[in-house]
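Enquirer: I'd like to go over a predicted model; first the sequence, then the structure.
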Amino acid sequence: MTEPRLSSLHPGDSAIIRAISTEEGLHHRLLALGFRVGKEIHLIRRAWFRGPLQIRIGTTEVIMRRCDADKIRVSRQSMR
Amino acid sequence: MKCIALLGMPNTGKSTFFNRFTGASARVGNWPGITIDLMAAKIPLNGQVVRVVDLPGIYDFHGFSEDEKVVRDFLENNCVDLLLIVLNGVQLERQLSLALQAQQLGLPTVLLLNMADEAKRAGITVDIEKMAASMNMPVAWISAKYGEGFKSASSVIAKALLSSHPTDPAMLRENLRADDEIEAAMEKIMSEAVQIPKTMPVGMTAMLDRILLHPLFGLPLFFLIMFLLFQFIFTLGKPMQDGMAWVLSQARTLGLEPMLASLPTWLQGLLLDGIYNGVGTVAAFVPVIILFFLVMTVVEDSGYLSRAAFLMDAIMAKMGLDGRSFVMLLMGFGCNVPALMGTRIMRSRSLRLLTMLVIPFSLCSARLQVFLFLITAIFTAQAAPIVLFSLYLLSFATALLTALLFKHRFPSTEPFIIELPPYRLPTTRQIILRAWHEVRHFLKRASKFITLGVVAVWVLTHVPFDVPPASAETLAGHISTWLAPVLSPIGIDAQLSVVLIFGFVAKEIVIGSLAAIYGLEGDSLMGLMAQKLDWVQAYSFMLFTLIYTPCLSAVATLRNESKSVAFMFASIVWSLLLAWAVSFVFYQGARALGF
């Protein structure tokens, strides 16, 4: 099995960021929001109809599209 | 054997350079300190054999992405005699930072400016000597794609290699450790002094989010909340507007009329019926508009708008827009101008232009005044809020339709990531500042557009003086006869068509002009409108007012923000066409159904 992506987590799941492979602009934006390799990340909810994901990293909550979350590889910590 | 490491940002043609520089002799190999394989080759250079390693593309030495870690681990565990940094010569202003970081770390470096061919075509020239002097490292142009400049680059590299000292991995580790130390110190302080529970307690925000961001009920709830807010503004605003209108009419009968009685009749007409009635009718709506902006302030500062972006993003994505575009549409309910400027947060020009194309359809507070006036005049108190809400829905519908029709012209792959703040209530100070800002905004518009527009309409509808005002013989009458073939199929009569022309400048002029044309204000003007227009005509007129160009300020902003006159005209033409088409379908449809 390939490493799971952030986009494949279920609501309530926690995971550790393993790699961020995005283009530069998004990479810097993510860094500014606190996305670092090794940080714990938490998926709060997924909007219906392939809408965005609500994510918490530290004390920051962000929403991002699934296609962008696809570019972040994670290792799952706990299953739902 | 001496070792040369190749480094650069992703997509700078680093690998193309590597392949050309080493021939086809590269092999993958293991390196101390890192787990992934790197390409390396042994090549003869100026009589000696050197090893060249291709490192992963990175943005900077201090980053924390996987590739950046690989590069750091490599440099901290392997002696390197020379670092070749490949930069994209077209994007030097962004990429030079990597070379400066290498210089700061004391790494022996040769700087290769790649894509010489593209840079030349783009008219970019670099003073190599000057750059080499100020960077304190040799610099050379190359074109990895076409193999240009390789000979001179090779000799620069060979020369640099002769005089360079190998890096000291331990020293480098020490230098780069500063970064780790910041991370480690942060980690330490966080773990010792700051307690963050593993799962945040179910606070107010999480509880509200569970309801307001519910996958099924979130969106209906959003529209319900919006409807209730507008209902609230309408119910509370009506008596305020009546009160203001009463005060203004008292001021006219008791103060201005006796004061101006000595002036010639035509001047009295212009001053009282024209300017005072016109501006006064608009001013009567100022309290409602202040109330509207107070509610908007609460909504904007509450953090609910970001939630709206979350709820709407899936739908907006289908229209080629994103959640932020939706937030800008909501901001446009206040005034289109700041909403248009707000699109600056978008990096992709396509996404920005498409959002700017739809914002003018957002029912702004100036248009709200026109609708409040006509709806109160024509519809029953029960029907009024629903009619108004239908206009808000249509405002969305036209915006979304526009995006849907034009999205292929403005393709964008901009990532959508925004922070979700906790729910907050604005302070009283913020609310008062906002209200004051709106009063000032009105005064500014009143002193410019509204007064001038109202005077112009009064003149057009009263000159020549020897015919009945607003009749077919006046200047306005001639204009509207000329426009009749276009506007009568959508139920808009002579006087209203003149009003629409000036509505292009500012929507406040629309009601101001009606007051000026008939020399009436407040209830008596509403009574006259109710006589002149049936509900089908009134609604058709409101549809046209809703959809066609918002105002001159919005047009100017559109031009400034897009930096394109063609885009501005396209927006104007499209909104006029759409306004006419929608009004036509509605008016003829309603008449055909027997209304």
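Expert: Perfect, I can see it now.
Enquirer: Can you classify residue B:237 by secondary structure?
Expert: helix (DSSP: H, G, I helix; E, B strand; the rest coil).
Enquirer: now swap in residue B:83 and tell me
Expert: strand.
Enquirer: ok, it - contacts?
Expert: By CB atoms under 8 Å, 6 or more residues apart in numbering or on different chains, the contact list for residue B:83 reads B:4-5, B:7, B:102, B:107-110, B:167. Glycine gets a C-beta too; all of them are placed from N, C-alpha and C.
Enquirer: so how far is residue B:153 from it?
Expert: Going from residue B:83 to residue B:153 by CB to CB, to the nearest Å gives 14 Å.
Enquirer: and chain A, which residues reach chain B?
Expert: A:18-31, A:33, A:36-38, A:42, A:44-52, A:54, A:56, A:58-65, A:67-68 (CB under 8 Å from any CB of the partner chain).
Enquirer: let's go with 7 Å and repeat that
Expert: A:19-20, A:24-27, A:29, A:33, A:36-37, A:45, A:47-52, A:54, A:58-65, A:68 (CB under 7 Å from any CB of the partner chain).
Enquirer: Emit the ChimeraX select command for whichever of these are buried.
Expert: Per 16 or more other CB atoms under 10 Å in any protein chain shown, the buried members of these correspond to this ChimeraX selection:
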select /A:20,26,27,29,33,36,37,45,47,51,52,54,61,62,63,64,65,68
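Enquirer: Of the residues of chain A next to chain B, which belong to helices?
Expert: Counting by DSSP state H, the part of these found in helices is A:24-27, A:29, A:68.
Enquirer: Return the per-residue confidence for the nearest residue to residue B:56 once chain neighbours are set aside.
Expert: In this structure, residue B:56 finds its nearest non-sequential neighbour in residue B:67, 4.0 Å apart by CB to CB, 6 or more residues apart in numbering or on different chains. Looking at residue B:67, its pLDDT is 75.
Enquirer: Near residue B:67, how many other residues are there?
Expert: Residue B:67: 18 surrounding residues under other CB atoms under 10 Å in any protein chain shown.
Enquirer: what does residue B:151 give?
Expert: 10.
Enquirer: What about residue 4, how many residues nearby?
Expert: I went with chain A, as the question did not name one. Neighbours around residue A:4, by other CB under 10 Å: 15.
Enquirer: meant chain B actually
Expert: 25.
Enquirer: what's the span of stretch B:546-560 from first residue to last?
Expert: Stretch B:546-560 has an end-to-end distance of 23 Å (CA to CA, to the nearest Å).
Enquirer: and the gap between residue B:312 and residue B:223?
Expert: 11 Å.
Enquirer: Tell me who's in contact with residue 18.
Expert: You didn't say which chain, so I picked chain A. Counting by CB atoms under 7 Å, 6 or more residues apart in numbering or on different chains, residue A:18 touches A:3, A:37, A:73-75.
Enquirer: wait, I meant chain B there
Expert: Residue B:18 neighbours (CB under 7 Å, 6+ apart): B:6, B:39, B:54.
Enquirer: again, only using 8 Å
Expert: So residue B:18 contacts B:6, B:26, B:39, B:41, B:52, B:54 (CB under 8 Å, 6+ apart).
Enquirer: wait, which of these is closest to residue B:505?
Expert: residue B:6 (61.8 Å; CB to CB).
Enquirer: okay, the ones in helices among the residues of chain A next to chain B in TSV with pLDDT next?
Expert: Output for these, formatted as TSV (pLDDT from 0 to 100):
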residue	pLDDT
A:24	74
A:25	77
A:26	84
A:27	81
A:29	81
A:68	91
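Enquirer: Out of the residues you listed, give me the two with the largest separation.
Expert: Between all members of those, the farthest pair (by CB to CB) comes out as A:24 and A:68, at 13.9 Å.
Enquirer: Touching both of these two, which residues are there?
Expert: By CB under 8 Å, 6+ apart, no residue touches both residue A:24 and residue A:68.
Enquirer: quick one, what contacts the closest residue to chain A within the stretch 101-250 of chain B?
Expert: Distance from chain A to each residue of the stretch 101-250 of chain B (CB to the nearest CB) is smallest for residue B:215, at 4.3 Å. Shown in contact with residue B:215 (CB under 8 Å, 6+ apart): A:45-48.
Enquirer: What residues does chain B have near chain A?
Expert: Residues of chain B lying near chain A (CB under 8 Å from any CB): B:9-10, B:59, B:63-66, B:69, B:196, B:199-200, B:209, B:213, B:215-216, B:218, B:306, B:309-311, B:313-315, B:317, B:322-323, B:347, B:415-422.
Enquirer: swap the cut-off to 7 Å and go again
Expert: Counting by CB under 7 Å from any CB, chain B comes close to chain A at B:59, B:64-66, B:69, B:196, B:213, B:215, B:310-311, B:313-314, B:323, B:347, B:415-420.
Enquirer: could you check the distance from whichever residue of chain A sits closest to chain B over to residue B:316?
Expert: Residue of chain A nearest chain B, by CB to the nearest CB: residue A:51 (3.3 Å). To residue B:316, residue A:51 is 9 Å away according to CB to CB.
Enquirer: contacting residues for the residue nearest the centre of chain B?
Expert: For chain B, residue B:343 is the residue whose C-alpha lies nearest the centre (CA atoms, centre = their mean; 1.1 Å). With contact taken as CB under 7 Å, 6+ apart, residue B:343 is in contact with B:328, B:352, B:355-356, B:561.
Enquirer: measure it to chain A for me?
Expert: 17 Å (CB to the nearest CB, to the nearest Å).
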